[in-house]
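Undergrad: okay, predicted coordinates and the sequence, questions at the end:
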Amino acid sequence: MCARNSIYTNPKPCKHLADYKLRHGFNTYDSIRNCLKTTPNGRTRVAKHTTKIPRCSFCDRYQGRLYFCLMCSSLWCPTHILLHTQSEKGHEVAIDMNRSELYCCLCCDQVYDPDFDKVVVCNQVKDLPGGSKSKTNRFEASGERSSKKKRLDSEIGLDLKKSKLLVSMRDRRAKSCYPLGLRGLNNLGSTCFMNSVLQALLHAPPLRNYFLNDRHNSVQCRKRSGEKLCLLCDVDAISSAMFSGDRTPYTPAHFLYSWWQHSSNLASYEEQDAHEFFISVLDGIHEKESKIRNSGKDDGDCQCIAHRAFSGLLRSDVTCISCGFTSTTYDPCVDISLNMDTSNLSSFNANKPIKPDEKTSASTLSGCLNLFTRAERLGSDQKLHCQNCQELRDSSKQLSIRRLPLVLCLHIKRVEHSLVRKISRKINQYMQFPFSLDMTPYLSSSIVRGKFGNRIFTFEYDNSNSSAAYEIFAVIAHSGMLESGHYVTYLRLKNQWYKCDDAWISEVDEGIVRASQCYMLFYVQKLLYNKANEDSSFVRISPRRDPFESTAGCS
Amino acid sequence: KHSVNRPPTPDAAEDQGNEPTLQEIINIKLIESGEKERLMELLRERLIECGWKDEMKALCRSYVKKKGRNNVTVDDLVHLITPKGRVYAASVPDSVKAELLQRIRSFLMSAAL
């Protein structure tokens, strides 16, 4: 921090400014007195040309810094002002138009003069609301200086009080209750499945950024495709509405209509499955993109936003039990559907009633993932042709994740079908899931390596580019029965959980989220999550500077 | 008012002709309506709130410390932090970008461009 007294010590003027002042005396700053304009925000600008846009006299630039020559009122950008000084003798001092600060063209540096600052401040104070509106408040000959100074001091006092008031008002305004982008969605008739998925999608960092950065331009899209219906345009519209700052619940009617056109088989007022809807939306987005780009690329390499965010690669190893020969295939996926690791399944299928005192181990996400990547012995009715043995053999199949997506969507299959009773039932069992997830054990590199025991040497794809650490950001929970139930979405923004129940948004404790019946879990790569949730919620109050505080030196 | 010895107008201006570009038209409308001033002020506030300005200040301070207070000009500092500012723009929260985009969009719609 700088020493206390240096705030009021002005640096000495440069040689050029000193000479300039000597030459012009009290008229030094007369030329700009009439050109100073106070903006509504209280800044003072030099505004001589009220009709034209100020431009550099040499290169016509209108952006960036512009300097106003005190002698001849011509305008120059920093690059070319030296040309002016070199060609015109005596035109050495200029003013930065936007900041109202002095600039010495020969030193190429900012310079300071208390007399100049007084002129600026006078003008500013005069224009402050409640201050003296008298246009005759000018600095006159030295004789009247002392009385003017007294008046000025009292007006400066007024200014300080005003700036303090402005500071506290700004503080109140900045304290918004909810983060930007949080907005309820109206239910249009059993459309909670749609609302819940939309909330999760729109807050997935890659998609949120995609729409915020205006990567899908509706106008261009309409021009290009000529079609009136584009799911991406509709999602973009919803995203804009969500981030508009308006907190009243939004009605995504247009989107629903578009989606009905796309998935006409699902167009009804019945409750639909959220996961099915999720897949169909991604499909709709992909379809549109691939039409535009005319690419025949498969899902794995597709660059549409849906795939860029959600697409991963699954590896499937089928091993012949007899000879050990393994055939490997890769399939792209946009999500992973997991069966629940619960022991209730067997009793349901065997038509046995569940004993009330039967101990059921808690279902966990890692348990489900382990189940997913476990080597599964295929039944003898599913013999596969082994290339080595040249005949049908019993096989085992094992899945693993070859490439993780940016956004990992885990779908918990809460339906079980009984072949015996020929009915389906919803599994209401609670499943425990973490907020921070490490997917390393489920990667192909880990699974395949595990097949060889503990080995030290590196496998072909041990060094994966993308990290396996994920953070949860959305949970879609289902409550109720299979045919009639209700979906809500829990969103995690800046480490605070919010419940999005159609039009109603509320802050909830993380315990509520953990206890909910999760149906779809959305994780995003930790690096993206951290970036998206940088804490900018605190407001640093920047008080208006004391007008007499020196602009030079430390502050 | 211009010096007789003023160098000839650069070619770029001649190529453009007298037709203002869309960017220029938008800029003119923004300035005329006073919206540009409001947007600049809003951006200033937000950049302070998110700490971007402090980061730039810290950069300048360390540079000045290194070179010595009397050996640094405004132009030096501008040339120093202009590229850095672009890099640090990535640390500006998306909510700031969203807010400004929203404002600009509303303005463009209301100005019927």
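TA: That came through fine.
Undergrad: outline the domain layout of chain A.
TA: Per the TED database, the structural domains of chain A span A:15-127, A:181-292+A:303-342+A:362-456+A:464-534.
Undergrad: the longest one vs chain B: in contact?
TA: Yes - counting by CB under 8 Å from any CB of the partner chain, contacts between domain A:181-292+A:303-342+A:362-456+A:464-534 and chain B involve A:Gly181, A:Arg208, A:Asn209, A:Leu212, A:Asn213, A:Asp214, A:Ser240, A:Phe243, A:Ser244, A:Gly245, A:Ala532, A:Glu534. Placement of C-beta: from N, CA and C, glycine included.
Undergrad: among the residues you listed, which one has the most neighbours?
TA: A:Phe243 (23 neighbours; other CB atoms under 10 Å in any protein chain shown).
Undergrad: show the pLDDT at that one.
TA: pLDDT, A:Phe243: 89.
Undergrad: try A:Tyr523
TA: So A:Tyr523 comes in at 96 (pLDDT).
Undergrad: next: A:Pro356.
TA: For A:Pro356, pLDDT reads 44.
Undergrad: now do A:Ser346
TA: On the pLDDT scale, A:Ser346 gets 44.
Undergrad: same check on A:His417?
TA: So, for A:His417, pLDDT stands at 79.
Undergrad: would you agree it is in contact with A:Ser424?
TA: Yes - counting by CB atoms under 8 Å, A:Ser424 is a contact partner of A:His417 at 4.9 Å.
Undergrad: and the domains of chain A: which comes nearest B:Ile81?
TA: Between B:Ile81 and the domains of chain A, the tightest spacing by CB to CB is seen for domain A:15-127, at 13.2 Å.
Undergrad: that closest one near chain B at all?
TA: Yes - applying CB under 8 Å from any CB, one finds domain A:15-127 in contact with chain B at A:39-41, A:43, A:53, A:57-60, A:62-63, A:65, A:72-74, A:78, A:83-84, A:87-88, A:103, A:107-110.
Undergrad: and those, which are buried?
TA: Buried members of these, counted by 16 or more other CB atoms under 10 Å in any protein chain shown: A:39, A:43, A:57-58, A:62, A:65, A:74, A:78, A:83-84, A:88, A:103, A:107, A:109-110.
Undergrad: pretty sure A:Gln199 sits against A:Tyr490.
TA: No - distance between A:Gln199 and A:Tyr490: 9.1 Å, which falls outside the contact criterion (CB under 8 Å).
Undergrad: any residues in contact with both of these two?
TA: Counting by CB atoms under 8 Å, 6 or more residues apart in numbering or on different chains, the residues touching both A:Gln199 and A:Tyr490 are A:Ala474, A:Cys500.
Undergrad: okay, A:Asn98: pLDDT?
TA: On the pLDDT scale, A:Asn98 gets 83.
Undergrad: mind telling me which of the domains of chain A the model trusts least?
TA: Minimum mean pLDDT among those: domain A:15-127, a mean of 81.
Undergrad: how far does it sit from the chain's center?
TA: Distance, stretch centre to chain centre, for domain A:15-127: 40 Å (CA atoms, centre = their mean, to the nearest Å).
Undergrad: for A:Asn530, see how far away B:Leu47 is.
TA: Distance of B:Leu47 to A:Asn530, given as CB to CB, to the nearest Å: 21 Å.
Undergrad: higher neighbour count, the two?
TA: B:Leu47 (19 against 12).
Undergrad: quick one: the strands in chain B?
TA: Here chain B has no strands by DSSP state E.
Undergrad: touching, B:Lys97 and A:Leu212? I think so.
TA: Yes - if you go by CB under 8 Å, B:Lys97 and A:Leu212 touch, sitting 6.1 Å apart.
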